[in-house]
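K.L.:
My questions concern the predicted model and sequence given below.
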Amino acid sequence: MKSLFTTCIIAFLLTLATPFQAQLICGLQNADHSMCCDGLQAIEEDMFTFIPPPANFVPGEERSVIINVTYNNFTTAQQTAFAYAVDIWATNLTSSVPIQINATMTSLGGSTLGFAGPVTIRRNFAGAPLSNTWYPIALANQLAGSDLATVQADITCTFNTDFNWYYGTDGNTPGGQYDFVSVVLHELGHGLGFVGSANVSGGVGTYGQSGSPYVYDTFVEEGDGTDITSYTSGTTALAGALTSNSLYWNGAFGMSANGGTRPRLYAPTGWNAGSSYSHLNEATYPSGNANSLMTPFLGSAEAIHDPGPITYGMFTDMAWQVGGCEITDVIPLTQFPCNPANNTYTQQIQVVYDNAPASGSLTINGINYPILSSPQTVTLTGLPADGQPVDFSVSFSTDGNCTYMESNVVTAPEPCCLNDRIIAVDTDLKQITIHNFGGCTVDYTNYELCSDLVCESVGNMTLVSGALVVGSGASMTVQWDAWSPAAGGTDLDLYTPSPVYTDPTDLQDFVQWGSGGNGREAVAVAAGIWTAGTFITDVSPFSYIGNGTQNGVNFWDGTPPPCTITNAVAGLQGICDGNNEYIQEVGVYFTSGPSTGTIVMNGQSFPVGSSPIAAFLGNLPADGQPVDLTVYFSDDPGCTTTFSALFTAPVPCVSNCPTDFNGDNVMDIVDLLFFLGDFGCVGNCVADLNNDGHTDAQDLLLFLPLFGVTCP
């Protein structure tokens with residue numbers, strides 16, 4: 001969405017003889033500086049997105065606020081869509097004072113879909129949360145509990161008849177049409193208070209009116225946390241802040257609705273009148289995002305029928321009583337002692353809420369409980385006794401807007417006496433050492449050790465050292481004679497007596513090596529003591545190096561596996577060259593190789609790296625024979641292997657018998673006849689043995705000594 005302010009006419013100050021001050025505005029224009037009415041600009045691009053109404057919205061139900069609309073030039077279909085948008089806002093707003101809206105349909109031309117704003121503002125009225133701060137009239141009336149401007153409407157809004165509108169309420173907006181409900185929701189949001197006073201003109205930034213900011217302004221800050229209201233109005237410094245592309249909302253409820261971080265506002269580096277400052281950032285909350293209603297652009301075929309959690313949170317920050325469902329407090333009650341059987345505790349809390357949904361569940365830190373009545377006492381069990389502060393996140397499963405977060409509500413008790421850990425494993429000896437890191441004596445007789453889903457009581461194993469009853473800080477070692485750990489990797493688990501093996505609270509410790517996904521890995525992950533897929537890559541024996549509270553593969557050591565050259569493959573082979581030599585590509589596979597030195601292949605050295613290492617062996621003799629490959633590491637000569645007949649050399653390509661003209665490896669009568677046939681040749685002579693350009697007696701003298709000789 002994108003807002004575009006249209007020019008306003010009304011700009012004058014009313015001085016009233018009342019205890020509070022008032023200002024008549026249009027889109028929050030004021031006498032201190034020029035501003036305009038909020039307008040929404042269309043984007044000619046089909047989005048085909050739909051954000052449905054709030055989960056607690058049921059059309060036509062009784063509301064906690066009355067909203068009256070005066071329609072000017074509206075058709076029946078237009079009124080129906082407008083009333084639907086009004087009903088959505090009324091679902092989650094509360095006010096004892098009716099809200100009056102003046103709505104008009106007219107031709108505006110251009111790209112403006114509509115514009116709206118509060119008709120007037122008030123400050124220093126009875127019930128105002130902040131002094132010397134302007135509030136839009138609808139909000140001021142809610143806070144005061146009475147109508148502070150009885151002679152006029154609270155919100156005025158105008159919509160452009162020149163657009164191809166979709167007046168349906170189902171959010172199924174066709175391509176090329178603009179969803180009227182979404183535009184009305186957006187503009188009513190500005191009229192209700194989603195609007196600030198800041199402006200930039202001629203390189204100078206201003207905010208406020210008659211020396212006071214709007215309530216919206218008091219929550220706006222730069223990325224570094226500098227409040228906008230800390231700047232002097234009418235300065236270039238303020239203009240720089242307003243066009244910094246780094247403005248955020250710092251209200252607690254807006255931040256909570258944004259997952260604890262500040263919602264980002266639209267603040268482009270070039271001031272965009274009507275869009276800058278009083279909108280959420282488009283890029284952060286694009287089409288299809290639950291918080292996209294109050295961003296500054298609306299595409300065709302884009303329907304947004306929910307103000308969104310952030311907007312509701314911002315309204316709450318500005319002191320709107322956001323009705324409907326609301327969770328207001330989490331009160332700590334009884335905390336029960338740590339249970340030494342599983343090092344957990346039980347905590348009772350009381351949740352205070354209003355207007356809970358009629359269906360669904362009350363969700364506390366991800367666990368669902370039935371919805372009863374407020375204040376509701378909830379008993380939380382199986383909480384880890386770790387001595388840490390506990391935060392609570394509370395919500396209703398059927399109302400995503402009804403949430404509550406509070407940090408450090410209680411502090412968990414310190415870990416109690418049960419803290420049993422496996423601290424040593426020797427798969428060759430089948431021995432396991434258990435250490436009691438807890439604060440009291442433990443009898444391990446009926447504890448169980450499991451591996452690959454096979455379990456055995458500790459008391460049935462052979463005691464190697466210590467005793468089955470182990471005091472605090474002591475250890476015992478047992479030998480599991482029937483244990484046959486898988487060579488490719490397995491797990492080892494420690495369970496309390498008579499366990500439910502799939503219950504994470506019964507699993508005391510877990511370790512796995514060689515591979516992931518073994519045995520009870522999923523249970524260990526659920527217990528928070530292991531990370532899925534991780535395992536010890538060393539070989540037995542293994543040792544735990546943590547302090548008893550630390551879990552996972554990073555707190556285990558083993559014996560580094562020996563270097564092993566596992567395989568070699570022959571790759572590309574070069575052709576025989578003029579020296580009867582060639583090159584050969586080979587690849588060598590290994591495990592646990594040294595990280596320094598070189599890898600040596602048939603006497604030729606290459607840099608070490610990760611397996612496999614590919615190398616080209618050079619200057620190999622082309623003799624047509626099978627070739628063995630011997631490989632070792634210079635920094636670990638014992639890591640060596642020979643691969644027999646890994647490849648075969650190419651046949652010789654250069655003859656060692658220049659007088660063997662017929663290639664049968666013997667200088668005989670056939671070669672003599674061939675020589676005599678070439679005798680007397682001049683130029684390019686085959687039998688020119690001395691390379692003087694012709695075949696003559698000198699060549700014959702070279703030939704005769706070799707007659708009858710077999711080539712080597």
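P.N.:
Cool, got the structure. Residues are numbered from 1 along each chain as shown.

K.L.:
now the closest residue in space to Ile536 that isn't next to it in sequence: how far from Thr218?
P.N.:
Sequence neighbours aside, Trp513 is the residue nearest to Ile536 in space, at 3.9 Å (criterion: Cβ to Cβ, 6 or more residues apart in numbering). Glycine gets a C-beta too; all of them are placed from N, C-alpha and C. Going from Trp513 to Thr218 by Cβ to Cβ, to the nearest Å gives 59 Å.

K.L.:
So between those two, which is more surrounded?
P.N.:
Each of Trp513 and Thr218 has its neighbours counted (other Cβ atoms under 10 Å); Trp513 has more, 23 against 18.

K.L.:
Might one say that that one is in contact with Thr490?
P.N.:
Yes - using Cβ atoms under 8 Å, Trp513 is in contact with Thr490, at 7.2 Å.

K.L.:
Wait, a strand at Thr218?
P.N.:
No - membership of Thr218 in a strand is not supported by DSSP: H, G, I helix; E, B strand; the rest coil, which gives helix.

K.L.:
Tell me where the protein has helices.
P.N.:
In the chain, the helices defined using DSSP state H lie at 76-91, 137-144, 180-192, 236-242, 252-257, 309-317, 521-527, 669-678, 697-703.

K.L.:
Save those helices as CSV, and put in distance to Ile583, mean neighbour count and mean pLDDT too.
P.N.:
Shown next, in CSV, are these (distance: least, Cβ to Cβ, whole Å; neighbours: other Cβ atoms under 10 Å; pLDDT from 0 to 100):
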stretch, distance to Ile583, mean neighbour count, mean pLDDT
helix 76-91, 77, 19, 97
helix 137-144, 84, 25, 95
helix 180-192, 71, 27, 97
helix 236-242, 67, 19, 98
helix 252-257, 67, 21, 94
helix 309-317, 67, 24, 96
helix 521-527, 48, 19, 96
helix 669-678, 34, 15, 86
helix 697-703, 34, 15, 84
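
K.L.:
I'd like those laid out as TSV, including distance to Gly466.
P.N.:
TSV is the format used below for the helices of the chain (distance: least, Cβ to Cβ, whole Å):
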stretch	distance to Gly466
helix 76-91	67
helix 137-144	71
helix 180-192	70
helix 236-242	69
helix 252-257	52
helix 309-317	57
helix 521-527	25
helix 669-678	91
helix 697-703	92
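
K.L.:
how many other residues sit next to the nearest residue to Tyr444 once chain neighbours are set aside?
P.N.:
Using Cβ to Cβ, 6+ apart and skipping residues adjacent in sequence, the residue nearest Tyr444 is Val458, 4.7 Å away. Burial of Val458 is recorded as 22 neighbouring residues (other Cβ under 10 Å).

K.L.:
quick one: low-confidence ranges for the stretch 501-650 of the chain?
P.N.:
Residues of the stretch 501-650 of the chain meeting the criterion pLDDT under 70: 578.

K.L.:
Identify the residues contacting the residue nearest to Ile536.
P.N.:
If you count contacts by Cβ atoms under 8 Å, 6 or more residues apart in numbering, Trp513 has them with Gly489, Thr490, Phe535, Ile536, Thr537, Asp538, Val539, Ser540, Phe542, Gly558.

K.L.:
of the residues you listed, buried ones?
P.N.:
Buried by 16 or more other Cβ atoms under 10 Å: Gly489, Thr490, Phe535, Ile536, Asp538, Val539, Ser540, Phe542, out of the contacts of Trp513.

K.L.:
circling back to that earlier point, between the contacts of Trp513, which sits nearest Thr630?
P.N.:
Taking Cβ to Cβ as the measure, Thr630 lies nearest Val539 of those, at 26.3 Å.

K.L.:
tell me the centre residue of this protein?
P.N.:
Gly259 (13.4 Å; Cα atoms, centre = their mean).

K.L.:
Before we move on, what's the pLDDT of that residue?
P.N.:
For Gly259, the model assigns a pLDDT of 93.

K.L.:
Now it, what are its backbone angles?
P.N.:
phi 80, psi 20 (degrees, to the nearest 10).

K.L.:
Return the distance of it relative to Asn250.
P.N.:
In this view, Gly259 and Asn250 are 15 Å apart by Cβ to Cβ.

K.L.:
same thing with Gly680?
P.N.:
Gly680 is 108 Å from Asn250, by Cβ to Cβ.

K.L.:
more crowded one of the two?
P.N.:
Using other Cβ under 10 Å as the criterion, Gly680 and Asn250 rank with Asn250 on top: 16 against 10.

K.L.:
Gly489: what's its closest spatial neighbour, skipping adjacent residues?
P.N.:
Gly514 (2.3 Å).

K.L.:
Now do the contacts for the one you found.
P.N.:
Ala486, Ala487, Gly488, Gly489, Thr490, Phe535, Ile536.

K.L.:
Mind checking which of these land in strands?
P.N.:
Using DSSP state E, the subset of these located in strands is Thr490.

K.L.:
can I get the contacts of Gly514 in CSV with distance to Pro174?
P.N.:
Shown next, in CSV, are the contacts of Gly514 (distance: Cβ to Cβ, whole Å):
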residue, distance to Pro174
Ala486, 62
Ala487, 65
Gly488, 59
Gly489, 58
Thr490, 61
Phe535, 55
Ile536, 60
